[in-house]
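K.L.:
Any chance you could fold what I've pasted below:
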Amino acid sequence: MSSKNLLSANNHLFQLARKGQLRLPKSTSDSARRIVDRLLYPIAVAIYGIITPILAGICLLPLLPILLLTQDSETLQASLLGSSSNPLLLVIVFAPLFPLVWLWLWLFEQRPPWTTGLEWPRWLAKYLRGLLVGLLMFTAAIAILALFGALKRDTGGTSGLSALAIGSAIIVFGGWMVQGAAEELLTRGLVLPVFGVRFGAIAGILVSSILFMILHLLNANISPIALLNLFLFGVFAALFALFEGGLWGIFAIHSIWNWAQGNLFGFEVSGSEVGPAVIFDLSEAGPDWLTGGPFGPEGGLAVTTVLIISSLTVWLAYRRKNGQGTAPGLDNPA
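P.N.:
Okay, the predicted model is just below:
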């Protein structure tokens, strides 16, 4: 069913979530079912969203002695917080989020993994489009910093336009692919639809965005503007997932955003340095409120501007698409 409202209850992402049904004893009364479905279950999902990264960390306990022997504490901490440039660590730390989310859905909603917005038709086109959108978004933030003279080139390192730097950066992207997709699956694949179906899209957007912000509270060099931007990125990500009716595009946007921030331009990613795999080694040369300072550009108003404009662009693009008679989503999912 088509709708000219991006926040419609008929959004394809919400339709997929309705394919599940809570596992409750047959003897459960209708009133009890409503209480569980409308109150207890959403609360449980929100709590699970907060503790899932902890559960993923518990999955790493068998590997902990090896990690402690092979990785310094700073690198390991950055990996646990999703801001490392070690691709293997990013995969190890974030891969458990996938089975944890899917297991929850199977246990409590009786629905398969693809109902989180992972339908196969045109998935590659959606992912590639997301890569382009995410790269343009972060490059726009860099352009704003350049416009205000808030950038400088670090000439003291070994990074640059060399085959080694470019090759290393490309390899690191494999880790960001897993990290970005895992965080989006948890927040926009699980939390957003659960709350959106029951309380409306606005509630789903707000809860999933707040959760996304909470998951980054322990990051180094966090600041009020950084928290605002984490929330705004969550809002944009939710709107894009609703726009598309799935997750493939926002998977790509999240991953390329982190990669561009750290490995393409050489900034800190959510408060942590990314290491030597950098192509253009830039650094801030202006006030922290604009550049983000030690948190990276995500902690500054340049990124705030880009996220607000990007969210408005998604909203207007959806209205324009539906004004032409297309169904919800970028690819007219049905």
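
K.L.:
Give the buried residues for the strand or helix carrying residue 146.
P.N.:
Element membership for residue 146, per DSSP states H and E: helix 123-147. Within helix 123-147, the residues that count as buried by 16 or more other Cβ atoms under 10 Å are 126-127, 129-131, 133-135, 137-138, 141-142, 144-145. All C-beta spots, glycine's among them, are computed from the backbone N, C-alpha and C.

K.L.:
Ok, stretch 221-241 next?
P.N.:
221-223, 225-241.

K.L.:
now, which of those residues lie within helices?
P.N.:
225-241 (DSSP state H).

K.L.:
got a list of what residue 38 touches?
P.N.:
residue 198 (Cβ atoms under 8 Å, 6 or more residues apart in numbering).

K.L.:
gap between it and residue 199?
P.N.:
To residue 199, residue 38 is 8 Å away according to Cβ to Cβ, to the nearest Å.

K.L.:
and residue 107, how far is that from residue 41?
P.N.:
On the measure of Cβ to Cβ, residue 107 and residue 41 end up 12 Å apart.

K.L.:
How about residue 54?
P.N.:
Taken as Cβ to Cβ, the span from residue 54 to residue 41 is 20 Å.

K.L.:
what about the two, which has more around it?
P.N.:
Neighbours were counted for residue 54 and for residue 41 using other Cβ atoms under 10 Å; residue 41 has more, 17 against 8.

K.L.:
ok, and the more buried one, which helix or strand is that part of?
P.N.:
helix 41-59.

K.L.:
can you list the residues that contact that helix?
P.N.:
22, 80, 93-94, 96-97, 100-101, 104, 108, 186-187, 190-191, 194-195, 198-199, 207, 211, 214-215.

K.L.:
Which ones among those map onto helices?
P.N.:
Going by DSSP H, the helices hold 80, 93-94, 97, 100-101, 104, 108, 194-195, 198-199, 207, 211, 214 from those.

K.L.:
Buried members of those residues into PyMOL, please.
P.N.:
If you want just the buried ones from the ones in helices among the contacts of helix 41-59 in PyMOL, going by 16+ other Cβ under 10 Å, the selection is:
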select buried, resi 80+93+94+97+100+101+104+108+194+195+198+207+211
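
K.L.:
Check the ones in helices among the contacts of helix 41-59 against residue 31 and report the nearest one.
P.N.:
residue 198 (16.1 Å; Cβ to Cβ).

K.L.:
mind checking how far that closest one is from residue 18?
P.N.:
Counting by Cβ to Cβ, the gap from residue 198 to residue 18 is 11 Å.

K.L.:
got any ranges where this structure has weak pLDDT?
P.N.:
1-3, 64, 67-68, 70-85, 154-162, 275-276, 324-334 (pLDDT under 70).

K.L.:
Quick one: distance of stretch 215-228 to the chain centre.
P.N.:
15 Å (Cα atoms, centre = their mean, to the nearest Å).

K.L.:
got it, and stretch 172-182?
P.N.:
Using Cα atoms, centre = their mean, the offset of stretch 172-182 from its chain centre is 10 Å.

K.L.:
now what about it, what contacts it?
P.N.:
Contacts of stretch 172-182 (Cβ under 8 Å, 6+ apart): 82, 84-91, 93-95, 97-98, 247, 251-259, 262-263, 274, 277.

K.L.:
Can you flag the buried ones in those residues?
P.N.:
82, 84-87, 89-91, 93-95, 97-98, 247, 251-259, 262-263, 274, 277.

K.L.:
Helices of the stretch 201-334 of the chain, start to end?
P.N.:
Taking DSSP state H, counting those that start in this stretch to define them, one finds helices in the stretch 201-334 of the chain at 201-214, 224-244, 248-259, 288-291, 301-323.

K.L.:
and residue 8, which of these is closest to it?
P.N.:
helix 201-214 (7.2 Å).

K.L.:
Only alpha carbons, please: show the closest one as PDB.
P.N.:
Written as PDB, here are the backbone C-alpha positions of helix 201-214 (Å, rounded to 0.1, in the frame of the first residue of the first chain):
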ATOM      1  CA  ALA A 201       7.500   6.000  13.100                       C
ATOM      2  CA  ILE A 202       8.400   9.100  15.200                       C
ATOM      3  CA  ALA A 203       8.700   7.000  18.400                       C
ATOM      4  CA  GLY A 204      10.800   4.400  16.500                       C
ATOM      5  CA  ILE A 205      13.100   7.100  15.200                       C
ATOM      6  CA  LEU A 206      13.500   8.800  18.600                       C
ATOM      7  CA  VAL A 207      14.100   5.600  20.600                       C
ATOM      8  CA  SER A 208      16.500   4.000  18.100                       C
ATOM      9  CA  SER A 209      18.500   7.300  17.800                       C
ATOM     10  CA  ILE A 210      18.700   7.700  21.600                       C
ATOM     11  CA  LEU A 211      19.900   4.100  21.900                       C
ATOM     12  CA  PHE A 212      22.500   4.700  19.200                       C
ATOM     13  CA  MET A 213      23.700   7.700  21.200                       C
ATOM     14  CA  ILE A 214      23.800   5.800  24.400                       C
END
